[in-house]
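**Student:** okay, predicted coordinates and the sequence, questions at the end:
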Amino acid sequence: MYDPDKRKLFSALCHAAIFFSTAFVSVGIPIAMLFISNDPVVQENAKESINFHFNVWIYGIIITALIWLTLGLLFPLAGIGYLLHWGLTIWAIARILTNPDQPFRYPFIFRVL
């Protein structure tokens, strides 16, 4: 049996890593959790978090390119991207804390892992 408090903490830490840094720390913490934890739910949450962070980077690059190409006309798209990014992250953390026995799955992302 796995410790439910440890499961909540590690799973929430995987998803909350984006609040520490949007660069390498956001992926480094979930990768560390993949190797440290032997809990299957924590490992699934770590994989999902890594996939989400990669998607955020890709979408950020696309949105930035579109803003440059349209000379700033699509700037509101950046705001929508930020709202979705932070909103989905907060939703994931809340879901993990209320239901720690089930891994969280982000909607509408490409999964590499």
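**Tutor:** That came through fine. Numbers count the residues shown, from 1 in each chain.
**Student:** packing partners of the lengthiest helix in the chain?
**Tutor:** Identified as the longest helix of the chain according to DSSP state H is helix 40-69. Helix 40-69 is packed against helix 4-16, helix 25-36, helix 76-98, with contacts defined by 3 or more CB pairs under 8 Å, 6 or more residues apart in numbering; DSSP states H and E. C-beta coordinates here come from the backbone N, C-alpha and C atoms, glycine included.
**Student:** point out the most buried one among those helices.
**Tutor:** helix 4-16 (a mean of 20; mean count of other CB atoms under 10 Å).
**Student:** one step back: nearest to Ala65, of the helices and strands packed on helix 40-69?
**Tutor:** Nearest to Ala65, of all the helices and strands packed on helix 40-69, is helix 76-98, at 11.0 Å by CB to CB.
**Student:** the closest one versus helix 40-69: what angle between them?
**Tutor:** 170 degrees (axes from the mean of the first three to the mean of the last three CA atoms, to 10 degrees).
**Student:** quick one: distance of helix 76-98 to the chain centre.
**Tutor:** Centre-to-centre, helix 76-98 and its host chain are 9 Å apart (CA atoms, centre = their mean, to the nearest Å).
**Student:** let's number from 40 now, not from 1
**Tutor:** I'll keep to 40 as the first residue from here, and by that count the last item is helix 115-137.
**Student:** give me the residues contacting it.
**Tutor:** By CB atoms under 8 Å, 6 or more residues apart in numbering, the surrounding residues in contact with helix 115-137 are 47, 50-51, 54-55, 57-58, 84, 88, 91, 95, 98-99, 102-103, 105-106, 143, 145-146.
**Student:** that's all I had, so thanks and see you.
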